[in-house]
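> okay, here's the prediction I keep looking at, along with the sequence it came from:
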Amino acid sequence: MQTGLDAPLARGRARDAGIALRSLGLALGFAACSSLLDVKNPNNVNASDLDNPTAAPAIANGALSALAYGWGAILTEYATVSDELTWIGSRDGFRELDVGTLTNPTNEFTDAAFPFVGRARWMADLAIKRLSKFDSAGTLKNRDDLARSYLYGAIVYTMIADMFNNFPIGSDMQNAAPPVGRDKMDSLYTVSMGYATRGIALAQSTKNTGLETSLTAMRARARHAKDVWSLLHPVGSGVPHGSPFVNDASVLTDARAALALASATTDWKFRFSYSATTVDNYVGAWVNSRQEMRVGDAYITKTPADTLRDPITGTVDPEVRRAAIEFKGTSATQFYQPLTVLSARELYLILAEAALAAGDTLTAAGQFAVNINAVRLLNYPDSARYKYDPANAAQPRPVAMLIYERKANLFLQNRRLHDLYRFGQTADKWQMATPVAETVSTPGTLFPITQVELLSNPFCVATPTVCY
């Protein structure tokens, strides 16, 4: 993954990003002084420099860098609330999340992650705005830079809708805006789908199959997530509302199209990569280095040998074992392990879920089994024993099988809490006795707007209820 303009903004809030960008050119602001400090920094970037079309790749790279860091930042809290990670350290903020309390706006870790998510949104929108302007003027050298900016925008808008009860999307530089509103957060998925659609058209025009694959998979993901959101909202009125399963024709069309585009790549994934010369993996720092959390007992109890076992073969699940070992890394790589955002595995599981909802689950030739086995083939390429047959009474029933495969194949991908909610399950650490955890009493609850925004956004200060 490439670094970009976001590095000097590492501690900037989303709407302060404009100030931070402008301040790049002022890093050595005492140029009038004649001394040893009178040095011109070649790395300084003025805001006006971003109006130059030659800056397009750097702007897109900056959006990617900010997004990758923000993704890892909020994943840390999300996975701790779910059963993917469990608290073993000394910081009470993580303990609070682990037991299922996630709406405390002063939780130090959710509050710390919030600005990184806001920055990622701002940088993605900045990239789209600037590069679209270049494209309209005919000065954009590589239209793939705009296509991938649309991909980053689609990812971040879905991420925010997935993670938060409310969010101030409209804030820009020093201009604050009121939050979207709890009952309108699904509108962010619509923005995501729109960005993906524009990106797909660009990728098709440049014949960039790789980008077209990622954008099509992202649109399938956003559409599926929007349907899941509708199952879980409004919070507190019964979760899920009706069937917990998604069967949406537009989702299926995109999932099939993305799989067709990715067919030349075995076990296709779109991932964020990290390195010592770009940005680090936030969740890796807290889990692998600080050891505030470890992989949860629902996945690994003590050692890799105790990893989640496949319900058909009885052996350690190959994908969970692979993902856990990769995530842990080594002392040299523990900060830089990749994180999966989109995958062929998820697309197959989306298709399997739709088949289950449609009742096509009776035989090994049905679309439920066909798509479940497409995932399982990636784990067991050299053995027939992997196959799932719903007609075999000794094997799990379709609902249990879908839940298992999503749990095993979407580990640390910002999906698990939503699945716990919609499938009526609870994480092993959630507090069931008084005071009952919010995840238990009001399933569907997500993260709040946190203190860093509540104290600085004038709309929140003047009318706190709009930021609830």
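On my side now, so go ahead.

> the top helix by length along the chain packs against which elements?
If you go by DSSP state H, the chain has its longest helix at helix 108-137. On a contact count with 3 or more CB pairs under 8 Å, 6 or more residues apart in numbering; DSSP states H and E, helix 108-137 meets helix 17-24, helix 56-81, helix 92-98, helix 143-163, helix 451-454. Heads up, the C-betas are built off the backbone N, CA and C, glycines and all.

> surely Thr86 is in a strand?
Yes. Thr86 sits within a strand when classified using DSSP: H, G, I helix; E, B strand; the rest coil.

> that one touches Glu292, doesn't it?
No. Applying CB atoms under 8 Å, one finds Thr86 not in contact with Glu292, separated by 10.2 Å.

> element containing the closest residue to Asp267 other than its chain neighbours?
Of all residues not flanking Asp267 in the chain, Leu378 sits nearest, at 5.0 Å (CB to CB, 6 or more residues apart in numbering). Here Leu378 is covered by helix 367-379, with elements defined by DSSP states H and E.

> and after that helix, which helix or strand comes next?
helix 398-409.

> after that following helix comes which helix or strand?
helix 416-422.

> which secondary structure elements does that next one contact?
Against helix 416-422 (3+ CB pairs under 8 Å, 6+ apart) you get helix 56-81, helix 209-232, helix 398-409, helix 438-441.

> which of the residues in the second one are buried?
Which is helix 209-232. Judged by neighbour count using 16 or more other CB atoms under 10 Å, the buried positions of helix 209-232 are 211-229, 231-232.

> check the last one too.
Along helix 438-441, the positions that meet the burial threshold by neighbour count (16+ other CB under 10 Å) are 438-440.

> repeat that for the first one.
Across helix 56-81, burial judged by 16+ other CB under 10 Å covers 56-81.

> for the stretch 351-468 of the chain, give me the ranges with low pLDDT.
In the prediction, the stretch 351-468 of the chain carries no residues with pLDDT under 70.

> now stretch 337-345: average pLDDT?
The average pLDDT within stretch 337-345 is 97.

> now tell me what touches it from outside.
With CB atoms under 8 Å, 6 or more residues apart in numbering as the contact definition, stretch 337-345 has outside contacts at 68, 71-72, 75, 155, 214, 217-218, 221, 258-259, 262, 265, 267-274, 281, 283-284, 288, 319, 326-329, 375, 378, 409-410, 412-413.

> follow-up on the earlier one: with distance to Glu453 as added columns, please give the helices and strands packed on helix 416-422 in JSON lines.
As requested, these are arranged in JSON lines below (distance: least, CB to CB, whole Å):
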{"stretch": "helix 56-81", "distance to Glu453": "14"}
{"stretch": "helix 209-232", "distance to Glu453": "21"}
{"stretch": "helix 398-409", "distance to Glu453": "32"}
{"stretch": "helix 438-441", "distance to Glu453": "20"}
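
> these: which one's closest to Thr190?
Proximity to Thr190 (CB to CB) singles out helix 209-232 among the helices and strands packed on helix 416-422, at 7.4 Å.

> helices or strands up against that closest one?
Contacts defined by 3+ CB pairs under 8 Å, 6+ apart place helix 209-232 against helix 143-163, helix 187-206, helix 249-261, strand 269-272, strand 339-343, helix 344-358, helix 416-422.

> redo that, cut-off 7 Å
Helices and strands touching helix 209-232, by 3 or more CB pairs under 7 Å, 6 or more residues apart in numbering; DSSP states H and E, are helix 143-163, helix 187-206, helix 249-261, strand 339-343, helix 344-358, helix 416-422.

> surely Glu77 is in contact with Thr110?
Yes. Using CB atoms under 7 Å, Glu77 and Thr110 qualify as a contacting pair, with a distance of 5.2 Å.

> what do these two both touch?
Common neighbours of Glu77 and Thr110, counting by CB atoms under 7 Å, 6 or more residues apart in numbering, are Phe447.

> ok, back up a step: looking at the helices and strands packed on helix 416-422, which is nearest to Tyr195?
Of all the helices and strands packed on helix 416-422, helix 209-232 sits nearest to Tyr195, with 8.5 Å by CB to CB.

> how far is that closest one from where the chain is centred?
12 Å (CA atoms, centre = their mean, to the nearest Å).

> that one vs helix 143-163, what angle?
Counting by axes from the mean of the first three to the mean of the last three CA atoms, to 10 degrees, helix 209-232 lies at 20 degrees to helix 143-163.

> export helix 209-232 as PDB, just CAs?
C-alpha atoms of helix 209-232 as PDB (Å, rounded to 0.1, in the frame of the first residue of the first chain):
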ATOM      1  CA  THR A 209     -10.400  -5.600 -14.500                       C
ATOM      2  CA  GLY A 210      -8.900  -5.500 -11.100                       C
ATOM      3  CA  LEU A 211     -10.500  -2.300 -10.100                       C
ATOM      4  CA  GLU A 212     -13.800  -3.300 -11.700                       C
ATOM      5  CA  THR A 213     -13.700  -6.500  -9.600                       C
ATOM      6  CA  SER A 214     -13.200  -4.600  -6.400                       C
ATOM      7  CA  LEU A 215     -15.800  -2.000  -7.100                       C
ATOM      8  CA  THR A 216     -18.400  -4.500  -8.100                       C
ATOM      9  CA  ALA A 217     -17.700  -6.600  -5.000                       C
ATOM     10  CA  MET A 218     -17.900  -3.400  -3.000                       C
ATOM     11  CA  ARG A 219     -21.300  -2.500  -4.400                       C
ATOM     12  CA  ALA A 220     -22.600  -6.000  -3.600                       C
ATOM     13  CA  ARG A 221     -21.200  -5.600  -0.100                       C
ATOM     14  CA  ALA A 222     -22.900  -2.200   0.300                       C
ATOM     15  CA  ARG A 223     -26.200  -3.400  -0.900                       C
ATOM     16  CA  HIS A 224     -26.100  -6.500   1.300                       C
ATOM     17  CA  ALA A 225     -25.100  -4.300   4.300                       C
ATOM     18  CA  LYS A 226     -28.000  -1.900   3.600                       C
ATOM     19  CA  ASP A 227     -30.400  -4.800   3.800                       C
ATOM     20  CA  VAL A 228     -28.900  -6.000   7.000                       C
ATOM     21  CA  TRP A 229     -29.200  -2.500   8.500                       C
ATOM     22  CA  SER A 230     -32.900  -2.600   7.700                       C
ATOM     23  CA  LEU A 231     -33.200  -5.800   9.600                       C
ATOM     24  CA  LEU A 232     -31.600  -4.300  12.700                       C
END
